[in-house]
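Visitor: no sequence on hand, only this structure:
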């Protein structure tokens, strides 16, 4: 793996921020990938939480010695820490990509209608809420409020 492939490296971030080379499709595909990764890590975190409460209610664990009772939580803490860091990394990446998309729309490199459609699809919201959010980003008033 090269430094450019490592999500934490400055080289990757430099390549990511090079707005002129990113198409709308590339941004949307990367955002979908990031959202999928976040959902996967959230499912893993939920499973870890479920296992933790199952272990806490287990008689064997409660009756085991202090060493076992210390070892188990430290394993869970380490796993939870890894999940937290990954979710934070992917969350940061999604925010950065979304900001790049927004900058491209403001620079008229990307279609504002397409971004509006993308925001509505991803948020699962009605178009009026998404349009109002989009207008706030642009600093304009929405057509619905002008009527």
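Guide: Done, it's in. No experiment lies behind these values; they were computed from the predicted model shown.
Visitor: contacts and neighbour counts: CA atoms only from here.
Guide: Noted.
Visitor: domain ranges for the chain?
Guide: Following automatic domain parsing, the chain resolves into domains at 22-98, 110-140.
Visitor: report the separation between residue 93 and residue 99.
Guide: For residue 93, the distance to residue 99 under the criterion CA to CA, to the nearest Å works out to 10 Å.
Visitor: neighbour count winner among the two?
Guide: Using other CA atoms under 10 Å, the more surrounded residue of residue 93 and residue 99 is residue 93, with 20 against 13.
Visitor: show me what the mean pLDDT comes to for the helix or strand encompassing residue 74.
Guide: Under the criterion of DSSP states H and E, residue 74 resides in helix 66-106. For helix 66-106, the mean per-residue pLDDT is 87.
Visitor: just checking, what packs against the very next helix or strand once past it?
Guide: Using DSSP H and E, the helix or strand that follows helix 66-106 in sequence is helix 112-123. For helix 112-123, the contact count by 3 or more CA pairs under 8 Å, 6 or more residues apart in numbering; DSSP states H and E identifies helix 66-106, helix 127-138 as packing neighbours.
Visitor: got JSON lines for those, with distance to residue 45 too?
Guide: Conversion of these to JSON lines gives the following (distance: least, CA to CA, whole Å):
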{"stretch": "helix 66-106", "distance to residue 45": "7"}
{"stretch": "helix 127-138", "distance to residue 45": "30"}
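Visitor: for residue 32, find the nearest of these.
Guide: The closest approach between residue 32 and any of the helices and strands packed on helix 112-123, judged by CA to CA, belongs to helix 66-106 at 9.1 Å.
Visitor: that closest one to helix 112-123, inter-axis angle?
Guide: Between the axes of helix 66-106 and helix 112-123, defined by axes from the mean of the first three to the mean of the last three CA atoms, to 10 degrees, the angle is 160 degrees.
Visitor: packing partners for helix 66-106?
Guide: If you count contacts as 3+ CA pairs under 8 Å, 6+ apart, helix 66-106 packs onto helix 24-56, helix 59-63, helix 112-123.
Visitor: would you mind telling me which of the ones you listed is nearest residue 74?
Guide: Going by CA to CA, the one of the helices and strands packed on helix 66-106 nearest residue 74 is helix 24-56, 11.4 Å.
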